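Novice: Sequence and predicted structure below; questions after.
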Amino acid sequence: MIEARASSALLVSATIRAIQDKGGSAMMLAKGDAVAGAILLVLADRGIVTKLVERVWQFDGGYRLESVGPADLSEPGAVGDYIARRRRSDPDLWAIELDHRDALQIAGAIQN
């Protein structure tokens, strides 16, 4: 049986709108494959990056947000370099920056 799932473009758009509706800001750093591209979220609070998470498939079904990236996110260029490396190995990757104190909770909807 084939399970219906939302496209990556739809999930990214919904996440951006959800952040903006809560008073935050969002910026697309890299546009990936519209149907099935992986999604990397750069989470920030008032312009300071706090965490990188990626939407990953769980073998028992569904998705979860998993912490990824460099250990020291405050190092100059660390986030940009990480995204560039990931896009070299996966050009279909979406990279989205979400700036809101509750960005992880708001973005949690894309786990499903």
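Specialist: Good, I have the coordinates.

Novice: only C-alpha atoms for contact and neighbour calcs from this point on.
Specialist: OK.

Novice: Which parts of this structure are helices?
Specialist: Here the chain has its helices, by DSSP state H, at 8-21, 78-89, 103-107.

Novice: Counting by contacts, list what the longest one packs against.
Specialist: Helices and strands in packing contact with helix 8-21 are listed as strand 25-30, strand 94-99, helix 103-107; criterion 3 or more CA pairs under 8 Å, 6 or more residues apart in numbering; DSSP states H and E.

Novice: Ok, which of these comes nearest I83?
Specialist: I83 lies closest to strand 94-99 among those, at 7.3 Å (CA to CA).

Novice: what number of residues lie near S13?
Specialist: 11 (other CA atoms under 10 Å).

Novice: Let me see the contact set for it.
Specialist: Applying CA atoms under 8 Å, 6 or more residues apart in numbering to S13 gives no contacts.

Novice: Mind pulling the model confidence for it?
Specialist: Per-residue pLDDT puts S13 at 95.

Novice: just Q105 next, same as before
Specialist: At Q105, the model reports a pLDDT of 92.

Novice: Relative to L98, how far out is it?
Specialist: In this view, Q105 and L98 are 11 Å apart by CA to CA, to the nearest Å.

Novice: the more surrounded of these two?
Specialist: L98 (28 against 9).

Novice: Surely the more buried one touches A26?
Specialist: Yes. Using CA atoms under 8 Å, L98 and A26 qualify as a contacting pair, with a distance of 4.5 Å.

Novice: Mind listing the shared neighbours of the two?
Specialist: In contact with both L98 and A26: 16, 19, using CA under 8 Å, 6+ apart.
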